[in-house]
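> need the 3D shape of this:
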Amino acid sequence: MYNPLLDVFIKVVDYGSFTKASKHLFISPTAIMKKINTLENHLNLKLIERNPTGIKLTPAGEIIYKDAKFIIDFSKKSIMNAYSITRTHDTTFCVGTSMLNPAKPFIDLWYKINQLFPDYKIHLIPFEDNHEGILSEIGMLGEKFDFLIGVCDSKSWLSLCKFLPLGKYKKMIAVSREHPLASKKCINIEDLYGQTLMMIGRGDSGINDLIRNDLEKNHPQIHIEDTPQFYDLSVFNRCAETNNVLLTIECWQDVHPGLVSIPVNWDYSIPYGLLYSNNPPNDVLKFIESVENMINKKKPIQ
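Below you'll find the model as predicted:
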């Protein structure tokens with residue numbers, strides 16, 4: 001409901017410069033400047049004065065900055081209230097969907113067991129894969145969403161919800177279409193020697209920590225660059241705009257059209273499955289139990 005460029009504006013003001021804000025938003029200073037210019041043109045207001053040491057708010061900018069956080073918070077609360085109205089319909093499952101966590105695997109699963117829920121419908125709710133806001137989205141399970149489905153090996157995520165594994169996705173690497181490795185059908189770890197590999201920092205994902213430990217101990221010829229704790233489109237953009245290599249997974253092969261995903265000769269994979277509230281209602285519990293029964297009968301879940 002609010003203009004998302006306000007988020008960028010707030011970060012620029014909070015960090016005091018385009019360069020500092022770009023490091024935290026994981027996009028280039030030029031991209032930051034373009035977003036601010038777009039916001040100023042949209043509002044027909046000059047918000048920021050540029051100078052060699054950073055930025056300075058104009059009087060109009062000071063007013064917008066003062067009110068922006070209230071506008072964002074009020075907008076989010078309004079949307080949450082609207083979702084709550086939708087959720088009060090007892091025969092609807094609300095399922096979150098995003099670019100990195102699409103609802104299609106849930107829909108495929110739904111049509112395998114929906115005969116057990118003859119009066120229920122599925123309502124898809126889009127959300128943004130924003131590395132700064134994803135934890136608040138996960139925290140809305142039980143309110144905004146009944147279910148999310150996606151890759152999950154995050155301690156931060158699992159501290160906020162329950163998780164039912166459905167399968168695993170292989171860990172791969174992604175490179176720009178112009179990268180020397182782009183033509184390969186499969187690579188060995190040694191092919192990454194001399195490359196900069198982008199991956200999340202240590203501590204939140206056991207699988208990623210295992211990979212990092214292996215690379216640091218046995219393959220120090222690979223330089224590792226930390227990404228934000230959670231991927232969003234900005235991470236894929238950086239990979240496409242640089243000559244770097246990105247640690248990714250097989251289900252993300254079509255996220256960015258400028259990237260090519262390549263299998264690696266290793267055994268690393270990451271689980272995907274259903275995320276749901278720590279205190280789920282009875283119908284959600286019944287759905288989870290139905291899926292578990294299906295798994296125990298060894299029926300395949302695609």
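> which helix or strand contains Ile63?
helix 59-87 (DSSP states H and E).
> tell me which other helices or strands that helix touches.
If you count contacts as 3 or more CB pairs under 8 Å, 6 or more residues apart in numbering; DSSP states H and E, helix 59-87 packs onto helix 5-15, strand 92-97. From N, CA and C alone the C-beta is placed, and that goes for glycine too.
> what are the contacting residues of the following helix or strand past the first one?
In the C-terminal direction, the helix or strand that comes right after helix 5-15 (DSSP H and E) is helix 18-25. In this structure, residues lying in contact with helix 18-25 by CB atoms under 8 Å, 6 or more residues apart in numbering are 8, 11-12, 14-15, 28-29, 31-33, 36, 55, 234.
> enumerate the positions of the helix or strand just after helix 18-25 that are buried.
Counting by DSSP H and E, the next helix or strand C-terminal to helix 18-25 is helix 29-43. Within helix 29-43, the residues that qualify as buried are Pro29, Ala31, Ile32, Met33, Lys35, Ile36, Leu39, Glu40, Leu43, counting by 16 or more other CB atoms under 10 Å.
> farthest-separated two in the residues you listed?
The most widely separated members of these, counting by CB to CB, are Pro29 and Leu43 (21.3 Å).
> CSV for the helices and strands packed on helix 59-87, including mean neighbour count, mean pLDDT and distance to Gly167?
Below are the helices and strands packed on helix 59-87 laid out as CSV (neighbours: other CB atoms under 10 Å; pLDDT from 0 to 100; distance: least, CB to CB, whole Å):
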stretch, mean neighbour count, mean pLDDT, distance to Gly167
helix 5-15, 19, 87, 34
strand 92-97, 20, 94, 18
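> compare those and give me the one nearest Leu215.
helix 5-15 (31.0 Å).
> what's the burial count for the residue nearest to Phe93 when sequence neighbours are not counted?
Among residues not flanking Phe93 along the chain, Asp146 sits closest, at 4.8 Å (CB to CB, 6 or more residues apart in numbering). Using other CB atoms under 10 Å, Asp146 is surrounded by 24 other residues.
> returning to that earlier point: make CSV from the buried residues of helix 29-43 and add distance to Thr19 and pLDDT to it.
Listed next are those as CSV, based on distance: CB to CB, whole Å; pLDDT from 0 to 100:
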residue, distance to Thr19, pLDDT
Pro29, 5, 85
Ala31, 12, 87
Ile32, 8, 87
Met33, 10, 87
Lys35, 14, 89
Ile36, 13, 89
Leu39, 18, 89
Glu40, 19, 89
Leu43, 23, 88
